[in-house]
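Peer 1: predicted structure and sequence below. I'll ask about it afterward.
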Amino acid sequence: MEFDLIHRYFKTPFGGLAQANPDTVLFGIGDDCATLRLAPDFHLFTSTDTLVEGVHFFSDDPPRVTGWKALASNLSDLAASGASPLGFTLNLSLPEIDENWLAGFSAGLLDIATRFNCPLVGGDTTSAGSNPLKTLSITVFGQAPASHLGFNRAHAKIGEEVWLSGTPGLARLGLLLEYQRRGRLEQLCKGHELPQVQALLAAMPAKLRQIAVSQLGMPVPRIELGLQLRGLASACLDLSDGLSGDLAHISGASEVSAILFQSSLESMWRKLWPEIDQQANAAGLLKVLLVQTLTGGDDFELCWTAHPNRHDAIQSLKVGLHCVGVIEPGSGIWLQSQGASRERVSSCSFNHFAEIQN
């Protein structure tokens, strides 16, 4: 049964992608080990992530969406390192054989693997036993020229600018909308936060709602941007656990402080929602959006630092890149308002052992 499933949903549909990369995938699914070949004078990059049903994805999420997101989270790590994909392995732990779910999951996985030319080269499928939840683990492999060693988190320097791609916080809005749809919004929003979030969700235009839900379920890893940032960025990471918590990793490793400009973060949201200033409570809505940017997760956008003399080169790369802060002496993450006052930001990240099950 196990080998039949592997052939039907993985080896056969993914075989063409492996065959299209004969220079890198020498042997793939079907042998005890996959054999990958790096380009001459290239280094290997690797990352692994695990997704658990009820923690990282809803039980009733479309399986095609789950398949896409499972690989997207790993490819985002390659993007944050400036590496191009070579291939990936997949481990599935399933409580039962649900062929409809497997077909949808495989299709979503193949969609994103094909888009980023990342062949499936091996893995394992096992029973979850008495555990009723699905567990998905992916390990991704990438490569970059030996002259590029990645964007180490300890390489941020005083005076450098802080940059973001996309609109971090969008995935959190998508999560809030999903909880609202399930009638469980109060589980994510406590006390005074609940009416503020409800007001925000009620004011959001339909197009922004669609974008937010898509960002949550089917984020697009910034592989191309990561490659373009070689030689431009110093420190870089992907935003999987919220801006304040993730940027704190750079701040701590580099022994510096990061100052975020409130006006720049608000401008980022205004570009996505230009009508927001027409709302009666625009200032209050922007404040709630700012909280989502700082504490939300699962955006898989990039955050990096770069010398000011790289500003124009970075800005010319593409639309949707935002310079939102600066690196200074000190420690921690700080938010600077338009009145020049600064407030220390709590480094709130997703806690796998505290977050409620969904």
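Peer 2: It's in.
Peer 1: what's the pLDDT at the residue nearest to residue 289 when sequence neighbours are not counted?
Peer 2: Excluding the flanking residues, the one nearest residue 289 by C-beta to C-beta, 6 or more residues apart in numbering is residue 269, at 4.9 Å. For glycine as for every other residue, the C-beta is placed from the backbone atoms N, C-alpha and C. Per-residue confidence at residue 269 stands at 97 (pLDDT).
Peer 1: quick check: buried residues in the helix or strand where residue 269 lies?
Peer 2: In this assignment (DSSP states H and E), residue 269 forms part of helix 262-272. When neighbours are counted by 16 or more other C-beta atoms under 10 Å, the buried residues of helix 262-272 are found to be 262, 265, 266, 268, 269, 272.
Peer 1: and stretch 161-173, end to end?
Peer 2: 27 Å (C-alpha to C-alpha, to the nearest Å).
Peer 1: equivalent analysis for stretch 159-174, please.
Peer 2: Terminal-residue distance, stretch 159-174 (C-alpha to C-alpha): 34 Å.
Peer 1: equivalent analysis for stretch 129-143, please.
Peer 2: 37 Å.
Peer 1: helix or strand: which one has the closest residue in space to residue 257 that isn't next to it in sequence?
Peer 2: Closest residue in space to residue 257, ignoring its immediate chain neighbours: residue 330 at 3.6 Å, by C-beta to C-beta, 6+ apart. Taking DSSP H and E as the definition, residue 330 sits outside all helices and strands.
Peer 1: doesn't residue 255 make contact with residue 330?
Peer 2: No. Contact criterion C-beta atoms under 8 Å: residue 330 and residue 255 do not qualify, at 9.2 Å.
Peer 1: before we move on, the earlier item: pull the contacting residues for the residue nearest to residue 289.
Peer 2: 167, 169, 276, 286, 289, 290, 293 (C-beta atoms under 8 Å, 6 or more residues apart in numbering).
Peer 1: how distant is the lengthiest helix in the chain from the center of its chain?
Peer 2: As assigned by DSSP state H, the longest helix anywhere in the chain is helix 63-81. Taking C-alpha atoms, centre = their mean, to the nearest Å, one finds helix 63-81 lying 7 Å from the centre of the chain it belongs to.
Peer 1: how about the contacts made by residue 259?
Peer 2: So residue 259 contacts 162, 325, 326, 327, 328, 334, 335, 336, 342 (C-beta under 8 Å, 6+ apart).
Peer 1: distance of residue 103 relative to residue 56?
Peer 2: From residue 103 across to residue 56, the span is 21 Å (C-beta to C-beta, to the nearest Å).
Peer 1: what segments of this structure are helices?
Peer 2: Counting by DSSP H, the helices of the chain are 2-6, 12-19, 63-81, 99-115, 170-181, 193-203, 206-217, 223-228, 243-254, 262-272, 282-295, 311-315.
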